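In: Sequence and predicted structure below; questions after.
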Amino acid sequence: MSISTSQRRDVDDAATPLTRVAVPAPDATPEAFLSACPSPRGFWQRDGTWNAWSGSVIGIRVGAGEGRGPIAAVAREVSLRVAGGADEDPPPRFHGGFAFHADHRAAGAWSDFPAARFDLPAAELIGGVGAETRLVVTVPGSGGPARARARRRAEALAGRLGAGPAEGAPGRADAVRGRSEPVSRDTWRRGVEAALEAIRAGRFRKVVLARPLDVALARIPDPAALLLRLRRREEGSFPFLFEPVPGSVLFGASPELVALRSGNRLHAMAVAGTAPRSPDGAEDERLGRELLDSAKERTEHAIGVRDMRERLAALGGDPEVDEQPHLLRLRGIQHLRTDLSVRAGRGHGVLDLLEVMHPTAAVSGYPRQPAAAFLRERESFERGWYAGPVGWFDAAGEGAFAPALRCALLRGDRARLFAGAGLVEGSDPEREWEETALKLRPMLEILAGGPEA
């Protein structure tokens with residue numbers, strides 16, 4: 001476990017209190033906040049409620065091979081470093097995420113993303129539909145001097161938050177100046193065929209094979225402008241952005257949640273099965289009905305639901321599960337969705353749920369171990385944080401995590417996009433390639449500043 005020297009001075013004593021001050025910021029936007037604040041910084045949104053953050057009062061970094069795994073290591077470190085705070089409004093939140101593989105090592109394009117990284121922000125802008133927008137500043141220490149220091153910082157930052165960034169000119173022809181396929185179409189076909197052979201041999205029932213797309217940009221994008229486009233385009237998804245150091249940004253809009261604790265309930269969402277959308281209403285309805293009626297897509301979805309039901313049951317209680325999947329309609333794409341929940345047992349927070357759930361059948365396969373082993377054999381690129389859980393948690397055990405899907409890793413004027421396809425008996429290599437192309441389109445449009453031709 002590593003904590004930077006400046007942070008360690010603040011947290012060596014586990015009883016060191018944190019002082020938080022909130023001030024109204026009714027006109028501030030998350031884009032304006034990110035434009036005004038340095039990295040580390042980030043953003044998370046669920047159902048219209050959002051949180052933009054910057055700075056780090058406490059930072060947690062977990063490398064490969066530490067303890068029982070990154071999730072358990074993060075939970076242990078927080079229990080040692082944070083005393084109290086659960087009754088505060090809002091309680092302190094840690095923001096960050098985990099790599100897909102527990103033994104991930106930060107290197108190459110993922111050099112700024114260890115196996116796990118979380119920050120308790122120095123400043124947060126919290127708001128949403130129907131909610132008061134508040135700016136929260138956290139400082140180490142207690143008493144009058146700490147509170148006065150926090151209030152000065154909050155009021156000074158609130159005064160700097162003006163209008164957010166203007167959205168870039170849409171559809172600029174030179175915004176994306178080059179693309180390359182690290183995984184060729186032929187390599188993809190051979191991977192899908194190998195997966196189908198393994199399925200027929202009984203090695204696993206489903207595996208999620210992924211591929212990257214590399215993009216060269218004409219200029220270095222502004223993360224705040226990317227966020228503005230992301231939120232406008234991906235309504236109904238879970239937008240996220242994480243910039244651990246300047247110029248290294250992971251952002252996207254996941255269609256699903258892997259772990260949520262709200263009140264006394266633990267929630268998860270099974271999303272699998274994919275079809276395009278159509279601007280024509282009748283055609284769109286037909287595509288949705290075909291998805292609901294597809295034996296292949298329903299089989300893939302049922303595997304994910306079974307996987308999640310079994311894992312939720314392991315936490316105790318009888319999970320509540322939608323009787324039938326329904327359509328999750330997003331811009332340009334639609335999926336089958338089933339919601340699951342179970343009563344939270346004593347001491348079960350969102351990290352406990354995440355420990356049980358990740359990786360789900362929706363991002364890895366089923367059963368878990370043989371599917372993961374196949375991915376290590378066949379995928380020639382480093383997943384890093386792609387399909388790993390990103391989100392937040394607090395000292396009270398509340399929190400929300402989505403798998404980092406429909407995402408891009410941005411480093412300067414280069415971006416790597418990722419997309420995967422769930423493979424089951426009956427999958428076709430060409431159709432699965434086209435499905436991944438459909439999933440890559442949103443990030444291409446956002447990087448280009450407008451609809452992708």
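Out: Yes, it's here.
In: In terms of helices and strands, where is the residue of the chain positioned farthest from its centre?
Out: In the chain, the residue that sits farthest from the middle, by C-alpha atoms, centre = their mean, is Gly144; the gap is 37.7 Å. Per DSSP states H and E: Gly144 is located in helix 143-160.
In: after that helix comes which helix or strand?
Out: strand 176-180.
In: Show me what the mean pLDDT comes to for that next one.
Out: Across strand 176-180, the average pLDDT comes to 91.
In: Each with direction, which strands does it pair with?
Out: Strand 176-180 has its sheet partners listed here by DSSP bridges as strand 206-217 (antiparallel).
In: how close does Glu445 get to Ala408?
Out: As judged by C-beta to C-beta, to the nearest Å, Glu445 and Ala408 stand 11 Å apart. Placement of C-beta: from N, CA and C, glycine included.
In: If you count surrounding residues, which of those two has more?
Out: For Glu445 and Ala408, the more surrounded residue by other C-beta atoms under 10 Å is Ala408, and the numbers stand at 26 against 21.
In: mind listing what the more buried one touches?
Out: By C-beta atoms under 8 Å, 6 or more residues apart in numbering, the residues touching Ala408 are Val215, Leu250, Phe251, Gly252, Ala415, Arg416, Leu417, Phe418, Met443, Ile446, Leu447.
In: Same question for it, what's its three-state structure.
Out: The local conformation at Ala408, judged by DSSP: H, G, I helix; E, B strand; the rest coil, is strand.
In: Report the beta-bridge partner residues of it.
Out: Counting by DSSP bridges, the residues bridging with Ala408 are Phe251, Leu417.
In: how close does it get to Arg233?
Out: From Ala408 to Arg233 the distance is 13 Å (C-beta to C-beta).
In: cool, Trp188 as well?
Out: Applying C-beta to C-beta to Trp188 and Arg233 gives a distance of 27 Å.
In: One more: Val139?
Out: Separation of Val139 from Arg233 (C-beta to C-beta) stands at 36 Å.
In: Out of those two, name the residue with the larger neighbour count.
Out: The residue with more neighbours, out of Val139 and Arg233 and counting by other C-beta under 10 Å, is Val139; that gives 23 against 19.
In: Tell me where the chain has helices.
Out: With DSSP state H as the criterion, the chain has helices at 5-11, 30-36, 70-81, 143-160, 185-200, 223-233, 281-293, 295-313, 350-357, 368-378, 429-448.
In: got these as TSV, with mean pLDDT and distance to Gly130 columns?
Out: Converted to TSV, the helices of the chain look like this (pLDDT from 0 to 100; distance: least, C-beta to C-beta, whole Å):
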stretch	mean pLDDT	distance to Gly130
helix 5-11	36	35
helix 30-36	93	16
helix 70-81	88	30
helix 143-160	93	21
helix 185-200	98	45
helix 223-233	90	16
helix 281-293	96	29
helix 295-313	94	30
helix 350-357	95	24
helix 368-378	96	39
helix 429-448	94	26
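In: which one of those helices lies closest to Leu340?
Out: When the helices of the chain are compared by C-beta to C-beta, helix 295-313 sits nearest Leu340, at 5.3 Å.
In: Could you list the buried residues of that closest one?
Out: 297-305, 307-309, 311-312 (16 or more other C-beta atoms under 10 Å).
In: would you turn the residues you listed into TSV with distance to Leu157?
Out: Below are the buried residues of helix 295-313 laid out as TSV (distance: C-beta to C-beta, whole Å):
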residue	distance to Leu157
Glu297	48
Arg298	50
Thr299	52
Glu300	47
His301	45
Ala302	49
Ile303	47
Gly304	42
Val305	45
Asp307	44
Met308	41
Arg309	45
Arg311	41
Leu312	41
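In: Pull the contacting residues for the closest residue to Glu132 other than its chain neighbours.
Out: Leaving aside its sequence neighbours, Glu132 sits nearest to Pro24 (C-beta to C-beta, 6 or more residues apart in numbering; 6.5 Å). Taking C-beta under 8 Å, 6+ apart, we find Pro24 in contact with Glu132, Thr133, Arg134, Leu135, Ala158.
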